[in-house]
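Peer 1: What would the 3D arrangement of this be:
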Amino acid sequence: MIQGCTAVAAVDSRSQIIVAAQAHGSGSEQNVLLPVVQSISGLRTDQTLVTADAGYHSEANLKSLYELGVPALIADGLMRRRDERFANQAKYKAKPDPLYDKSASAKPSKGKFTPADFSYDPTVGTCICPAGKKLYSTGSHCTTKGRAHHNFQGAKRDCVPCTLREQCLRYPERAPTRQVAFFEKDARSPHQFTERMKVAIDSTRGRALYGERMATVEPVFGNLRHNKRLDRFTLRTRSKVNVQWNLYCLVHNIEKLAHHGYSR
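Peer 2: Numbers count the residues shown, from 1 in each chain. The predicted structure follows:
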């Protein structure tokens, strides 16, 4: 267990000047978005657009930004999957070095049955497994993250002796029966602000504007962590950590102002 703080910085996209810096004793970035946005209320104009990565995304944050009238593009965890430009990104991921990676290689897993392999009739509310056995309903009005679904579970008399256990269950040695859920299609999500943000950030203009975020803020953190060697805080209590974080951010800003001719 390592005691730590979350360091947040709001950066100007034109000059990479840090306009707000705060350290919080929370491991969640969702809780620190609004305090930072509110701290720069005097600097924002009608042309200001707030961008943040998926760590700051939540329905509550999006609702608050909407009520405050703050234009923003906040990514969600599935944004990259919806972007066809990243369809082949897996082939560019770094592969482990075979000379130094001593971890056991994962065995190729057999293809497991998915809900698509089950015969589900939403009209009468029945479900038949790949072995031809009928599952019983465990709930027809369940919700997960706002999405309604119908749950089914197999009977022990059918699942325990079944010859397809290895292909049906993730842990056949521990789980006695299979459970499966079918989500309602075209159901309106109760997370209206999340859905609205998806439409905005998936648009051509939204992707272009959000794409500027990485070139704006990531070099700033790279400078602080690599060049300034701030890879961890050396003080305790939030007030002291906040002072240390703001001091490093101040040094970053001084260099930016000096190197780009602002001092003249």
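
Peer 1: Give the residue spans of the stretch 101-250 of the chain that score low on pLDDT.
Peer 2: Judged by pLDDT under 70, the stretch 101-250 of the chain has its weakly predicted residues at 101-110, 145-146, 186-190.

Peer 1: Could you break this protein into its assigned domains?
Peer 2: 6-83+190-259, 123-183 (automatic domain parsing).

Peer 1: Reformat those domains into JSON lines and put distance to residue 111 next to each item.
Peer 2: C-beta: built from backbone N, CA, C; applies to glycine. Listed next are these as JSON lines, based on distance: least, CB to CB, whole Å:
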{"stretch": "domain 6-83+190-259", "distance to residue 111": "21"}
{"stretch": "domain 123-183", "distance to residue 111": "7"}
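
Peer 1: so which of those comes closest to residue 91?
Peer 2: Closest approach to residue 91 among the domains of the chain (CB to CB): domain 6-83+190-259, 14.5 Å.

Peer 1: Next, the distance between the ends of that closest one.
Peer 2: 29 Å (CA to CA, to the nearest Å).

Peer 1: Return the distance of it from the chain's centre.
Peer 2: Centroid displacement of domain 6-83+190-259 relative to its chain, using CA atoms, centre = their mean, to the nearest Å, is 14 Å.

Peer 1: circling back: tabulate the domains of the chain (TSV), appending mean neighbour count.
Peer 2: What follows is those, written out as TSV (neighbours: other CB atoms under 10 Å):
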stretch	mean neighbour count
domain 6-83+190-259	15
domain 123-183	14
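
Peer 1: Who are the packing partners of whichever strand or helix holds residue 254?
Peer 2: Assessed by DSSP states H and E, residue 254 sits inside helix 238-259. Counting contacts by 3 or more CB pairs under 8 Å, 6 or more residues apart in numbering; DSSP states H and E, helix 238-259 packs against strand 6-11, strand 18-24.
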